[in-house]
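K.L.:
Need a 3D model of the sequence below.
(chains A and B)
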Amino acid sequence: MISLIGVTKTYPVGKGATVTAAHGIELQVERGEYLVITGRSGAGKTTLLNLVAGLTRPTSGQVLWDGTDLWDLADPQRSLLRNRRVGFIFQFPSLLPSLSVLENVVLPTAFGPAHGKPGARERADELLHLVGLVDKRAAYPRQLSAGQQQRAVIARSLVNRPQVLLADEPTSDLDEQTEMEIIDLFARIHATMDLTILMVTHAPRLVTRSARSIEMADGVIVA
Amino acid sequence: MTLLQLAWKNVVGSAFRSWIVFLCVLVVTALLFSTVLVIRGAQDSLRLVQQRLGADVVVVPEGTETQVETALLMGQPVAVWMPRENLDRIAGIPGVAIVTPQLYLASLANAPCCSAEMFLMAFDPQTDFTITPWLSQNLGHELGLGEAIGGSDVFVPYGEENIRIYGYEIDLSGNLERTGTGLDTALFFTFETAREVAQVSRTKAVRPLEIPSDSISAALARVVPGADPRLVALQIVHDVPGVAAIPSSGLFQTFHRQISGLLRSVLAILGITSVLSLVLVGLVFSMAANERRRETGVMRALGATHGAVLRSLLAEAIILAFGGGITGILLAALAIYLFRNLIVLSLGLSFLFPSFPSLVALGGGGLVLALAGVTLAVLPPALRTCRQDPAVAMRE
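P.N.:
Numbers count the residues shown, from 1 in each chain, chains lettered A, B, ... in the order given. Predicted coordinates:
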C-alpha cells in the first residue's frame, strides 16, 4: 500500500549547512498493518511520517501510495489524498483554538471536494461518543485537559473515514493512565475500523502485541 | 463547516489582531470617504449654482467679481452698483441674445426692523431667465409686489406672519430647493418690491435702504447659439467701461482653485496615512501568520490545498476590511451630514450633501478601495504562509 524507496531527506540549517533527517529509507507498509516506529528524539521518526503523508518533499527517493509517487501529483491531488485517505494525530496540541471541539472534528470536511458535506456533524458526534467526549462537543480546546484534547484530535482524524492513521507521539504529553487509555483506543480503532496505523513513539513499552515495530536512529531504520 | 465560517471563527477568535485591522480600515476609509464627500459636495454645489444662474456671461462692476461670487456662494451680503444703462450697451453687443439685471442688497443685522441679516436679490421678471424658472416651478404664478421666495434655509420667524426687511413686511411665498450655497439664505423679490422696501425703510428702519437710482448690481447675459461666451465677455469688457465680464466657465474659479488645492493637500496626507495603515495591516497579518504557522501546517496536513489556506487567510482580511470599511463609510457619512454647516463655515466652501444614489456609489467605491487595499497588504504574508513546507511549519 505504502512504499518508501531509497528516501532521503535533508534540511538546510543555514549558511549552506544541512542536516539529514532520513537517509536511504526502505519501507513497505501493507493495508491493515499496525506499524510502530520507535527511536530516540532526533532519530527521524516524525520526518518519516511527514514523508509518508507527502507533507515534505524527499531530497531523493520515492514515496509511493498504491504504486503512485506522491510527488508526481499536483498539490490539489496530494492534498485530496491526505484529506480522504489519511488521518493525522500530532504530538503537539493541534486543535484550532478558535473552534469548538465539534467544529474541530468536522474541520477536515471543509477541505474536501464537498465542503461541509451532509452528515459530517452526525459522524463527528458518533466519533466524539467513541472517544468519550460527546458532552464536550461545544467546549473550546482551552477548556479541555491534554488527554481530552488528544481524544478530540483522534476523533478529528477519523471524520473522513481514512484508510491510514498517522500518529506522531500521540501520548507524549499525557500521564501514564491516560497514555494507556489512548493506546487502548488505538488498538480498538485498529481492530474495528480496518485501518492501517503508523504510530511514532519513543516508548517501546507502548508497542502492542498486534503491531509490527521498527526502530530508527540517526535517520535510518536500524531494526 | 466552510472556509468562510472558518475565517469568521478566526476573526472572532483573534480579537486583538482583528480590532487593530478593523480600526485601521475604519479610520482610513472614514477619512478618505469624508474627504471625497466634502470635495464632491462642494463641486456639486458650485455646479448647481452655475446651472441655476443659467447665464453664459455674468457682468459685475469692475473689481467686485470676488465679492459677488462670495455672495452667491457663501451668502455674505454684498451691495455693489453699476449704471442701469449698461444693460442696453450689453444687449447691443453682437452675440448677446438676452440680458437681465439683478440687484444685490443686504438686510440689517441685529436690528428690530429686520428679521435677520440676509442676502437680498431683486430681479426683473420681464427679462429674467435665471430665477423665474425656479419660481414658476415652486409657485405656479409670477411673483407679485410684496411677495418673496426664500432659499431653502429662509423661514418666517416664530410668532410672526411675515419676514420684516427694513420694517417692510414681506410675504414668504415659498422656498427653493437646497443648493448648499449662499442662495439658500437669500430672499428673492422683484425690483418693484425692492423700491417699496427702500420707500418704507425711510420711516420704519433703523437705517434706510439706499438704492442708487438707475443702478443695478449685475447683468446676466445669454449668448446666441454658436457664440463663444469667452469672446462675448471680452467684447463686453471692451465696449462697456467699468465692468468685469465673467464667462460661465470662469465663474467661481477662485472656489474651484480652492477645492483643487484642498483636494491636493488632503489627498497627499491621506495617501501617506493610507500607505502607513496598510503597512500596519500587512505587519499585523504577517505577525499573525507567523504565530499561526503550526496551525497552517495542521490545516495542510488535514488536506487543505495551498489555495484553501490562501483563501481562508484572505477571507479573514476581507471580512475585517468589509466590516471596517462599511462602518467607516457610515460614520463618515453621518458625521458629514450632521456637521455640514460647520464644514461650510470652517472651510469657506459651499456644500451640498450628495444625493442617496451618489452616496451609495461613492460608498461602494470607498468599500472597493478598502477591500483592494487590505487584500494587497495581506497578500504577501498570506502567500508566504500558504507556500511554506507544512512539515517545517509544524516543527517550529
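K.L.:
quick one, what contacts the residue of the stretch 201-350 of chain B found nearest chain A?
P.N.:
Relative to chain A, the nearest point of the stretch 201-350 of chain B is residue B:303 (2.4 Å; CB to the nearest CB). For every residue, glycine as well, the C-beta is placed using N, CA and C. Neighbour list for residue B:303: A:79, A:80, A:82, A:83, A:84, A:86, A:108, A:111, A:112, A:160 [criterion: CB atoms under 8 Å, 6 or more residues apart in numbering or on different chains].
K.L.:
Then residue B:233?
P.N.:
Here residue B:233 is in contact with B:57, B:245, B:246, B:247, B:250 (CB under 8 Å, 6+ apart).
K.L.:
now those in JSON lines, with neighbour count?
P.N.:
Rendered in JSON lines, the data for the contacts of residue B:233 read as follows (neighbours: other CB atoms under 10 Å in any protein chain shown):
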{"residue": "B:57", "neighbour count": "28"}
{"residue": "B:245", "neighbour count": "26"}
{"residue": "B:246", "neighbour count": "23"}
{"residue": "B:247", "neighbour count": "20"}
{"residue": "B:250", "neighbour count": "15"}
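K.L.:
with those in mind, which one is nearest to residue B:260?
P.N.:
Comparing these against residue B:260 with CB to CB places residue B:250 closest, at 14.7 Å.
K.L.:
Phi and psi next, for that closest one.
P.N.:
Taking degrees, to the nearest 10, you get phi -100, psi 0 for the backbone angles of residue B:250.
K.L.:
Pull the contacting residues for it.
P.N.:
B:230, B:233.
K.L.:
thinking again about what came up before, name the nearest of the contacts of residue B:303 relative to chain B.
P.N.:
residue A:83 (2.4 Å).
K.L.:
Just the element for the closest residue to that closest one other than its chain neighbours, please.
P.N.:
The shortest distance from residue A:83 to any non-neighbouring residue, by CB to CB, 6 or more residues apart in numbering or on different chains, is to residue B:303 (2.4 Å). Assessed by DSSP states H and E, residue B:303 sits outside every helix and strand.
K.L.:
Quick check: which ranges of chain A have low pLDDT?
P.N.:
A:114-117, A:206, A:208-210 (pLDDT under 70).
K.L.:
Three-state assignment for the spatially most central residue of it, please.
P.N.:
Nearest to the mean C-alpha position of chain A, by CA atoms, centre = their mean, lies residue A:166 at 2.3 Å. On the three-state scheme (DSSP: H, G, I helix; E, B strand; the rest coil), residue A:166 is labelled strand.
K.L.:
And for residue B:160?
P.N.:
Using three-state DSSP, the structure places residue B:160 in coil.
K.L.:
Report how many residues lie close to it.
P.N.:
As a burial measure, residue B:160 scores 10 neighbours (other CB atoms under 10 Å in any protein chain shown).
K.L.:
so how far is chain A from it?
P.N.:
Counting by CB to the nearest CB, to the nearest Å, the gap from residue B:160 to chain A is 65 Å.
K.L.:
what's the burial count for residue A:19?
P.N.:
If you count neighbours by other CB under 10 Å, residue A:19 ends up with 11.
K.L.:
quick one: contacts for it?
P.N.:
Taking CB under 8 Å, 6+ apart, one finds A:10, A:11, A:13 in contact with residue A:19.
K.L.:
in stretch B:346-362, what's buried?
P.N.:
B:349, B:350, B:351, B:352, B:353, B:354, B:359, B:362 (16 or more other CB atoms under 10 Å in any protein chain shown).
K.L.:
again, but for stretch B:325-340
P.N.:
Here stretch B:325-340 shows B:325, B:326, B:327, B:328, B:329, B:331, B:332, B:333, B:336, B:340 as buried, counting by 16+ other CB under 10 Å.
K.L.:
One more: stretch A:198-215?
P.N.:
Applying 16+ other CB under 10 Å to stretch A:198-215 flags A:198, A:199, A:200, A:201, A:202, A:206, A:207, A:211, A:213, A:214, A:215 as buried.
K.L.:
Correct me if wrong: residue A:159 contacts residue A:124.
P.N.:
Yes. Applying CB atoms under 8 Å, one finds residue A:159 in contact with residue A:124, separated by 5.8 Å.
K.L.:
okay, and for the stretch 101-250 of chain B, where does confidence drop off?
P.N.:
Using pLDDT under 70, the flagged stretches of the stretch 101-250 of chain B are B:109-116, B:134-139.
K.L.:
at 80 what do you get?
P.N.:
Within the stretch 101-250 of chain B, the ranges that satisfy pLDDT under 80 run B:106-117, B:131-142, B:159-160, B:177-183, B:204-207, B:249-250.
K.L.:
how about the helices in it?
P.N.:
B:132-138, B:191-204, B:229-239 (DSSP state H, counting those that start in this stretch).
K.L.:
Could you give the backbone dihedrals for the residue nearest to residue A:83?
P.N.:
According to degrees, to the nearest 10, residue B:303 has phi 110, psi 10.
K.L.:
mind listing what whatever residue of the stretch 1-150 of chain B ends up closest to chain A touches?
P.N.:
As assessed by CB to the nearest CB, chain A sits closest to residue B:13 within the stretch 1-150 of chain B, at 2.6 Å. Going by CB under 8 Å, 6+ apart, residue B:13 touches A:97, A:98, A:99.
K.L.:
Pull out the buried positions in stretch A:58-71.
P.N.:
Residues A:58, A:61, A:63, A:64, A:65, A:70 are the ones in stretch A:58-71 that count as buried (16+ other CB under 10 Å).
K.L.:
Is it possible to get CSV of the residues you listed that adds secondary structure and distance to residue B:128?
P.N.:
Shown next, in CSV, are the buried residues of stretch A:58-71 (DSSP: H, G, I helix; E, B strand; the rest coil; distance: CB to CB, whole Å):
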residue, secondary structure, distance to residue B:128
A:58, coil, 90
A:61, strand, 94
A:63, strand, 90
A:64, strand, 93
A:65, strand, 89
A:70, helix, 86
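K.L.:
Name all residues that make contact with residue B:85.
P.N.:
residue B:214.
K.L.:
what's the neighbour count on residue 167?
P.N.:
Picked chain A for this. 25.
K.L.:
That was the other one, I meant chain B.
P.N.:
Residue B:167 has 20 neighbours, counted by other CB under 10 Å.
K.L.:
now do residue A:38
P.N.:
21.
K.L.:
In chain A, which residue sits furthest out from the middle?
P.N.:
residue A:15 (32.2 Å).
K.L.:
My understanding was that residue B:321 contacts residue B:366; is that so?
P.N.:
No. Between residue B:321 and residue B:366 there is no contact under CB under 8 Å: 11.2 Å.
K.L.:
wait, residue B:320 sits on residue B:21?
P.N.:
Yes. If you go by CB under 8 Å, residue B:320 and residue B:21 touch, sitting 4.4 Å apart.
K.L.:
if I look at these two, which residues touch both of them?
P.N.:
residue B:374.
K.L.:
Following the chain onward from the host helix or strand of residue B:384, which element is next?
P.N.:
Residue B:384 belongs to helix B:356-387 when assigned by DSSP H and E. Heading C-terminal from helix B:356-387, the first helix or strand you meet, by DSSP H and E, is helix B:390-395.
K.L.:
Wondering if that next one reaches chain A at all.
P.N.:
Yes. Judged by CB under 8 Å from any CB of the partner chain, helix B:390-395 comes into contact with chain A through B:390, B:391, B:392, B:394, B:395.
K.L.:
residues contacting residue A:41?
P.N.:
Residue A:41 touches residue A:202, counting by CB under 8 Å, 6+ apart.
K.L.:
Could you look up the SS state of it?
P.N.:
Residue A:41 - assigned by three-state DSSP - is coil.
K.L.:
how about it, phi and psi?
P.N.:
phi -60, psi 140.
K.L.:
what angle separates the longest helix along chain A from strand A:164-168?
P.N.:
Ordering each helix of chain A by length in residues (DSSP state H) puts helix A:176-193 first. Between helix A:176-193 and strand A:164-168, the angle comes out at 170 degrees (axes from the mean of the first three to the mean of the last three CA atoms, to 10 degrees).
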